[in-house]
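>>> Output the structure for:
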Amino acid sequence: MKKIPKKIDVTFVLDSTGGMMPFFEAFAGEIGTLYTRVSELYASAGKRLASLRANFIDFGDFASDGDDTIHASGFFDMATETDKAVEHVSNVNCLYRGGDLPENALEALYCALLSDWTPSTEDDPCFHYVVLVTDADWVPLGARAGCVGYPADFFPADLEELEAIWNEQTPADGAEKKSHISSEFRRLLLFVPDTPKWRALCDWEYSCTYFVPMASGQAMMYCEVTYQLIKMIGCEMERYSDGTCDD
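Okay, the predicted model is just below:
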């Protein structure tokens with residue numbers, strides 16, 4: 001029986017265009033109780049949570065936001081830095097961001113895969129979760145290549161290359177695009193519109209992708225993002241549980 005990871009890293013990839021402001025107001029409250037709720041989940045299973053880290057990447061549209069399109073916080077240790085995480089989320093500025101739909105969600109997702117993940121080994125595994133939230137469809141990779149702030153030769157060329165990086169395969173054009181996300185304990189949770197584009201990510205080979213459809217173009221005031229995340233963690237714990245307790 002495989003060990004239940006006692007460490008969890010989560011990177012939240014969040015649409016920060018204008019219509020998402022009500023979501024951020026509610027989400028800050030969710031983040032404030034995340035560590036306590038995950039710790040209680042582990043304790044109820046007779047397990048100890050060793051660490052929970054959260055990283056926040058927010059994104060808009062290079063066509064309208066230029067070099068202000070994607071921001072990354074870096075990981076917060078939620079045992080000691082919950083207040084800092086809440087402050088960061090509360091300060092995300094959605095005013096005057098984004099133009100017409102869609103947005104540069106795939107570029108932000110790629111940045112998430114390159115996060116400074118806690119190493120996951122057989123003896124010391126770590127859950128790696130990517131949670132993406134948007135009320136819009138995605139712009140094809142490279143479609144904004146001529147816009148201000150869009151870096152040359154940095155992002156994947158297309159969705160197929162992004163899938164290869166998710167699956168820890170080095171693309172043909174460079175090892176620098178290889179992700180360090182866990183191959184076994186990686187999970188992608190999508191709170192996105194139910195469109196063919198987003199459904200395509202659910203069809204990725206070895207995807208480990210979970211799809212929560214949202215209404216396109218509508219602000220999500222409260223979509224229980226962390227509730228669904230914790231529910232997923234609980235399901236994973238049951239999957240790997242050996243029925244024993246530990247410290």
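
>>> Direction included, what does the one helix or strand V13 maps to pair up with?
V13 is located in strand 7-15, with elements delineated by DSSP states H and E. With DSSP bridges as the test, strand 7-15 is paired with strand 51-59 (parallel), strand 126-133 (parallel).

>>> can you put those in CSV and add mean neighbour count?
The C-beta positions use only the backbone N, C-alpha and C, and glycine is treated the same way. Output for these, formatted as CSV (neighbours: other Cβ atoms under 10 Å):
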stretch, mean neighbour count
strand 51-59, 23
strand 126-133, 24
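
>>> Of the ones you listed, which is nearest R186?
strand 126-133 (4.7 Å; Cβ to Cβ).

>>> Following element in sequence after the closest one, please.
helix 159-166.

>>> average model confidence for that next one?
Helix 159-166 carries an average pLDDT of 90.

>>> Next: stretch 12-24.
The average pLDDT within stretch 12-24 is 90.

>>> Now the terminal residues of that stretch, how far apart.
From its first residue to its last, stretch 12-24 covers 12 Å (Cα to Cα, to the nearest Å).

>>> in that stretch, what counts as buried?
The neighbour-count check on stretch 12-24 (16 or more other Cβ atoms under 10 Å) flags 12-17, 19-21, 23-24 as buried.

>>> Just name the closest of those to F154, please.
V13 (16.7 Å).

>>> Just the pLDDT for the nearest residue to the closest one once chain neighbours are set aside.
Leaving aside its sequence neighbours, V13 sits nearest to L132 (Cβ to Cβ, 6 or more residues apart in numbering; 4.2 Å). Listed pLDDT for L132 reads 95.

>>> Mind listing the residues bridging to L132?
V13, L190.
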